[in-house]
Every structure is written in structure tokens, then in C-alpha cells.
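Novice: Got a predicted structure plus its sequence, pasted below:
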Amino acid sequence: MSESLPPGLYDQVLTEGLEKLLNKIDTLLASTPNLDPGDSHLFLSQHLYLLLQSALQGLPHHGRISLAVPEYHPP
């Protein structure tokens, strides 16, 4: 994550990195309400999706599928 947080509305999981960025700005500009348990599956699955996508994109292009899914052997 970058060293600054552009102004705007964010609906995302409060990670340690995001919390550090929020601590650097005026508390009147940021609020971190508790996650509604009824919506938690949506936010947590979206967060995990983005983490997984980033990790898979970091794999070398050649052999990416075999590295991501070891049981897969392309024809």
C-alpha cells in the first residue's frame, strides 16, 4: 500500500497497513465502524480474493498455472 491515502470513501477490511495510514490523518476525516456480522462474508471474501489475486499475479507468467495448482499438468 502506498504511503498516503487519497481522499475518498472506502469499504474495505481494516488491515494493519490501512490502520497505520489512517492513524496519520485527522480523526475527523476517518471513521472505522464495526463490521456488520450479516455483511462480514462479503467484505472478508472480497479482501481474500484481492490478496489471492495479487499473490497469483506475482508468480512468473511461464508455468503460472502449474505453480498455482501443482496437480495441474497442461497437455
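Specialist: That came in fine, so what should we check first?
Novice: going forward, measure contacts and count neighbours with C-alpha atoms only.
Specialist: Fine.
Novice: Which residues does the top helix by length along the chain contact?
Specialist: Longest helix of the chain, by residue count under DSSP state H: helix 40-57. Contacts of helix 40-57 with the rest of the structure, by CA atoms under 8 Å, 6 or more residues apart in numbering, involve 12-13, 64, 68.
Novice: can I see the domain layout of this protein?
Specialist: 1-33, 35-75 (automatic domain parsing).
Novice: Could you tell me the least trusted of these?
Specialist: Ranked by mean pLDDT, the domains of the chain bottom out at domain 1-33, which scores a mean of 80.
Novice: now the domains of the chain in a markdown table, with mean neighbour count?
Specialist: As requested, these are arranged in a markdown table below (neighbours: other CA atoms under 10 Å):
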| stretch | mean neighbour count |
| --- | --- |
| domain 1-33 | 11 |
| domain 35-75 | 11 |
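Novice: chain center to the longest helix of the chain, what's the gap?
Specialist: Distance of helix 40-57 from its chain centroid, counting by CA atoms, centre = their mean, to the nearest Å, is 6 Å.
Novice: Which secondary structure elements does the following helix or strand past that helix sit against?
Specialist: Counting by DSSP states H and E, the next helix or strand C-terminal to helix 40-57 is helix 64-68. Where contact means 3 or more CA pairs under 8 Å, 6 or more residues apart in numbering; DSSP states H and E, helix 64-68 is not packed against any helix or strand.
Novice: Kindly export helix 64-68 (C-alpha atoms) in PDB.
Specialist: Extracted in PDB, the C-alpha atoms of helix 64-68 (Å, rounded to 0.1, in the frame of the first residue of the first chain):
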ATOM      1  CA  ARG A  64       2.000 -19.900 -13.500                       C
ATOM      2  CA  ILE A  65      -0.800 -22.500 -13.600                       C
ATOM      3  CA  SER A  66       1.400 -25.300 -12.600                       C
ATOM      4  CA  LEU A  67       2.800 -23.200  -9.700                       C
ATOM      5  CA  ALA A  68      -0.700 -22.100  -8.500                       C
END
